[in-house]
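> sequence? don't have it. structure:
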């Protein structure tokens, strides 16, 4: 939650609501403090700094992922690639270049599956997951159109099959597979 909302300062109340929306814990503040403590310890085991430079910054009952902490977040890279891919004109009569197709392939490599798939029932995850499903679908649809225009039918088949593994009931991907 904090990494996803890394540019925000999250109040204690909002964080408790996000993590335990239906909970009637006797002392949610203590539960949150315990969770933060354990998470910091776990992060230290993976080489994250401790103390004032900890990955999780706490100040005046607010929480945030420490912005100066150097780390790479795949969602940030995926979003940047998505923006670049969607800026490519799709109605052009020119065939897509290998560089253009490579941008899409790089984005698919980063995507790797739906957002926090193992946490589908967490209320804060559901809207984020749905947003990235739509993003993935739009990106894949555009890529398939480029592949078909370029006559890259084998790549279109592979892409359609990969999309169907994630979205087995999406008619667009079934139709794309049949067209390829």
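Cool, got the structure. What you see is a predicted model, and the numbers here were worked out from it, not measured in a lab. Residues are numbered from 1 along each chain as shown.
> how near is the residue located most distally from the centre of the chain to residue 60?
Computed with CA atoms, centre = their mean, the residue of the chain farthest from its C-alpha average is residue 26, at 33.3 Å. Distance of residue 26 to residue 60, given as CB to CB, to the nearest Å: 24 Å. Every C-beta, even on glycine, is put in place using the N, C-alpha and C of the backbone.
> buried stuff in the helix or strand hosting residue 100?
For residue 100, the element it lies in under DSSP states H and E is helix 98-111. Buried positions in helix 98-111, judged by neighbour count with 16 or more other CB atoms under 10 Å: 100-101, 103-104, 107-108, 110-111.
> what does stretch 74-89 give?
Buried residues in stretch 74-89 (16+ other CB under 10 Å): 78, 81-82, 85, 88.
> return the member of the residues you listed nearest to residue 121.
residue 78 (23.2 Å; CB to CB).
> hang on, the earlier thing: next structured bit after the helix holding residue 100?
Past helix 98-111, the next helix or strand by DSSP H and E is helix 125-150.
> what's the average pLDDT for that following helix?
Taken as a whole, helix 125-150 has a mean pLDDT of 94.
> just how off-centre is that helix within its chain?
Centroid separation for helix 125-150 versus its chain: 12 Å, with CA atoms, centre = their mean, to the nearest Å.
> tell me which other helices or strands it touches.
When contacts are defined as 3 or more CB pairs under 8 Å, 6 or more residues apart in numbering; DSSP states H and E, helix 125-150 packs onto helix 74-86, helix 98-111, helix 153-166, helix 171-179.
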